[in-house]
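A.B. asks: 3D model of this:
(4 chains)
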Number of protein chains: 2
Amino acid sequence: MSDPATRNRSRATADMVARTANVSRVAVSRAFNPHASIKPEKRDLILKVAQELNYTPDMAARSMVTGRSHLVGIIVPDVSGPWESQELDAMTTALQAEGFATLLFRTRDDLSLDETLLTYMKGFNPDSVIAYAENVRPTTLARVLDRAVPIYIGYPDEEAAEAEAAPLFDRLDVLQREGIEQAVALMQGYGARRFAFLAGKSNSLATQSRERMVRKVIAERGLPPPLRIQGDYMYDTAYRETLNQFRLGEPVDAIFAANDVGAFGAIDALRTELGLRVPQDVKVVGFDDIHQSHWKSYSLTTVKLDLAERTQALLRLILRRLKNPTSPSLTETVSTRLVVRGTVG
Amino acid sequence: MSDPATRNRSRATADMVARTANVSRVAVSRAFNPHASIKPEKRDLILKVAQELNYTPDMAARSMVTGRSHLVGIIVPDVSGPWESQELDAMTTALQAEGFATLLFRTRDDLSLDETLLTYMKGFNPDSVIAYAENVRPTTLARVLDRAVPIYIGYPDEEAAEAEAAPLFDRLDVLQREGIEQAVALMQGYGARRFAFLAGKSNSLATQSRERMVRKVIAERGLPPPLRIQGDYMYDTAYRETLNQFRLGEPVDAIFAANDVGAFGAIDALRTELGLRVPQDVKVVGFDDIHQSHWKSYSLTTVKLDLAERTQALLRLILRRLKNPTSPSLTETVSTRLVVRGTVG
DNA sequence: ACGATGAATGAAAGCGTGTTCATTCTGAGC
DNA sequence: GCTCAGAATGAACACGCTTTCATTCATCGT
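C.D. replies: Purely as a prediction, here's the structure:
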């Protein structure tokens, strides 16, 4: 219909549709608003003309008057990470189904979130913001984003500073205890006594929370406190540091990794370079249950964060907050559980 | 400074800043526009007041008058896929550095791109759109997005329909031949004679393009035409279908996978279930060179798509097009090359 | 057949910005 | 001390849309 030559360079506006269809511009607006009162035949005519003219309401203009941008900001430390991308995928799919578009931002590799970025994002007026405790201090989040839209993914066992800030936003709290208890119990049941915790980036709140809980559970079961291998969530570092631990430090018979990818690095170091067998010589457990964890080369036993459960909880928070902007802060809680595969016994 | 109680529910506007700083609203606008002419001390005052009031220019309003949304739409078939997420990560990082925000959309699992989605995205007025040949027919793309913003990631050896549509947008063309030639040569050099091509989703243009080139190169080298294993880019399917090929069909001594993840599935099937050795019994090559490909359990020899190269090329296209909206369609070309690891010889 | 009720309609206002454009201010040059 | 160019300033407009609000139209019960 529209060959490149005659093709209009600029978008069609409601005015053009109105003029073409011989209706008022207001009618066009109503035709696109499901709740507006307009004669059905008229709406059909308008929608038909709109389609011919390839017209779509301008979200920017619409956003200005309605106050709804239909944008949800998501701040992620590393989009390419399996866990992050898998959660991003689930959230984007769910948001899209609800009519939202995902506005994606990436933080720096050191996890620090530039305040400028937060301010910049605010300029887009997102209807909601999903931020990880990893990246941003709650006080900063509260100061910059003055609307009560952010959702903070945190951990209820955090220290005071965070607990105090809790009422400032809606939260998704992750209960780590259950999955960790199951994991430690299983490993101990198969004879593990000397544990190591393979940490993520040291300033990551997630890894800190997990480590505290792992230590607590191990202590509760009367086992010696775990050694510590400093990782950064990445495969290469986990591989190297595991090697160091066994060659230069004290070997262990169980490794609890702060994330699955780190566990893969540890497993490969043990098998490939150290000639040790997993699980016979060393038991390994990870955290997240990413798609890759069931790959046959690893078949990782891991503490699962249920993606569907998290996504639904986040969506509930967003929709409830949007429906009632002034309600006090909401909290959803998700649990964790162990998925048993082949790296323990 | 702003405790939750007194905190303003609505965002600060340029008007508020102007009144607080005792300047005109126009001055506020100029203070935030680097090229505007305004007395430096005045600008500093305004920026200071703006920061105190936590003011940021509203991108929606700004977008309406400037015609620049600072949004780049990216349409991805599966955000959670390693390759997709790694490219998304690189692009988002690069775009962010240039002042753009990523507007992320996901297509359905069958790769089909709903036209409604394209129309919806258009409503956000993205300054540019990055779409994969996988998802959208060029004619559809041209019809819906009437501004010359989309960038089409395609393959120059496609059939007429696509070539004809080429002048409609800027393109990033991927030259598959070089990497594929190197791969086939290497495998043949190590004694491979009977090839199988492990395909991706059958309606994926990438897998079709790769398969055509693989067949061509194999024929050129005087080898028998490759068998075909139908996959869908996923690990599980590759695993299962490789098993079927060896148990029910004819075994081969070399597998060329359409993507790395598929190669992993094939490798695991060969080693775990069939008791075959890689590379001694069967040689395997993948496509993409994702981070996971150098993991020791796989150490995959693969045809690399250079992420940095692609990202820079895409960015060049976007910036050039934005600088000159009416210029004829641009094309960037990226090559491929083999990364040799341990799955061939 | 007639008022009453509700649905359908269009004019006008407003959302928060950037950008003319005409005007005023500043300071250099002689 | 005066002229003149260039910088700095603010009033008004435009961007594309939704939403009041007052008005007209259709429908129904009696």
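A.B. asks: not counting sequence-adjacent ones, nearest residue to the residue nearest in space to the middle of chain A?
C.D. replies: The centroid of chain A falls nearest to A:E87 when counting by C-alpha atoms, centre = their mean (4.9 Å). In this structure, A:E87 finds its nearest non-sequential neighbour in A:L307, 6.3 Å apart by C-beta to C-beta, 6 or more residues apart in numbering or on different chains. To be clear about C-beta, it is placed using only N, CA and C from the backbone, and glycine gets the same treatment.
A.B. asks: how about A:L227?
C.D. replies: Per C-beta to C-beta, 6+ apart, closest to A:L227 is A:A196, 4.3 Å.
A.B. asks: the strands in chain A, which residues?
C.D. replies: For chain A, applying DSSP state E gives strands covering A:71-76, A:101-106, A:128-132, A:150-154, A:170-174, A:195-199, A:227-230, A:254-257, A:283-288, A:301-305, A:331-334, A:336-339.
A.B. asks: starting at the chain centroid, how far to stretch A:171-181?
C.D. replies: 15 Å (C-alpha atoms, centre = their mean, to the nearest Å).
A.B. asks: and what of stretch A:263-283?
C.D. replies: Taking mean C-alpha positions (C-alpha atoms, centre = their mean), stretch A:263-283 and its chain are 29 Å apart.
A.B. asks: tell me which residues of that stretch are tucked away?
C.D. replies: A:263-271, A:274, A:276, A:278-279, A:282-283 (16 or more other C-beta atoms under 10 Å in any protein chain shown).
A.B. asks: what does chain A put close to DNA strand D?
C.D. replies: A:10-11, A:13-15, A:25-26, A:28-30, A:32-33, A:36, A:55-58, A:61-62, A:64-66 (C-beta under 7 Å from any atom of the strand).
A.B. asks: got a pLDDT number for the nearest residue to A:L300 once chain neighbours are set aside?
C.D. replies: Spatial nearest neighbour of A:L300, excluding adjacent residues (C-beta to C-beta, 6+ apart): A:S293 at 4.2 Å. Model confidence at A:S293, given as pLDDT, is 98.
A.B. asks: A:S293 reaches A:T302, doesn't it?
C.D. replies: Yes - A:S293 is in contact with A:T302 according to C-beta atoms under 8 Å; the separation is 5.3 Å.
A.B. asks: can you list residues touching both of those two?
C.D. replies: Counting by C-beta atoms under 8 Å, 6 or more residues apart in numbering or on different chains, the common neighbours of A:S293 and A:T302 are A:260, A:286, A:339, A:341.
A.B. asks: pretty sure the second one contacts A:D260?
C.D. replies: This means A:G286. Yes - if you go by C-beta under 8 Å, A:G286 and A:D260 touch, sitting 3.9 Å apart.
A.B. asks: which ones are touching the residue nearest to A:L227?
C.D. replies: Taking C-beta under 8 Å, 6+ apart as the test, what A:A196 contacts is A:226-229, A:245, A:252, A:254-256.
A.B. asks: now, of those residues, which are buried?
C.D. replies: A:226-227, A:229, A:245, A:252, A:254-256.
A.B. asks: wait, which of these is closest to A:V174?
C.D. replies: A:V174 lies nearest to A:F256 out of the buried ones among the contacts of A:A196, by C-beta to C-beta, at 16.5 Å.
A.B. asks: looking at chain A, which helix or strand does the model trust least?
C.D. replies: In chain A, no helix or strand scores lower on mean pLDDT, DSSP states H and E than helix A:160-165, which sits at a mean of 48.
A.B. asks: closest one to B:A101 out of the shared contacts of A:S293 and A:T302, please.
C.D. replies: Nearest member of the shared contacts of A:S293 and A:T302 to B:A101, counting by C-beta to C-beta, is A:D260, at 29.5 Å.
A.B. asks: and that closest one, what pLDDT?
C.D. replies: Taking A:D260 on its own, its pLDDT is 98.
A.B. asks: over to A:L145?
C.D. replies: pLDDT at A:L145 comes out at 76.
A.B. asks: and for the one 5 residues further on?
C.D. replies: The predicted local distance difference test score for A:P150 is 62.
A.B. asks: just the one 4 residues further on next, same as before
C.D. replies: With respect to pLDDT, A:G154 has a value of 62.
A.B. asks: now A:D109
C.D. replies: A:D109 carries a pLDDT value of 74.
A.B. asks: how near is it to DNA strand C?
C.D. replies: Note on A:D109: its distance to DNA strand C, by C-beta to the nearest atom of the strand, to the nearest Å, is 31 Å.
A.B. asks: what is the neighbour count of that residue?
C.D. replies: 11 (other C-beta atoms under 10 Å in any protein chain shown).
A.B. asks: wait, it sits on A:D78?
C.D. replies: Yes - counting by C-beta under 8 Å, A:D109 does reach A:D78; the two are 7.2 Å apart.
A.B. asks: under the pLDDT cut-off, which ranges of chain A? List them.
C.D. replies: A:1-10, A:111, A:133-138, A:146-168 (pLDDT under 70).
A.B. asks: quick check: domain ranges of it?
C.D. replies: A:14-57, A:71-175+A:307-333, A:177-305 (automatic domain parsing).
A.B. asks: out of those, which comes closest to B:A238?
C.D. replies: Nearest of the domains of chain A (C-beta to C-beta): domain A:177-305, 10.8 Å.
A.B. asks: how distant is that closest one from the center of its chain?
C.D. replies: Here domain A:177-305 is found 22 Å from its chain centre; the criterion is C-alpha atoms, centre = their mean.
A.B. asks: got it, and stretch A:11-28?
C.D. replies: Relative to its chain's centre, stretch A:11-28 lies at 41 Å (C-alpha atoms, centre = their mean).
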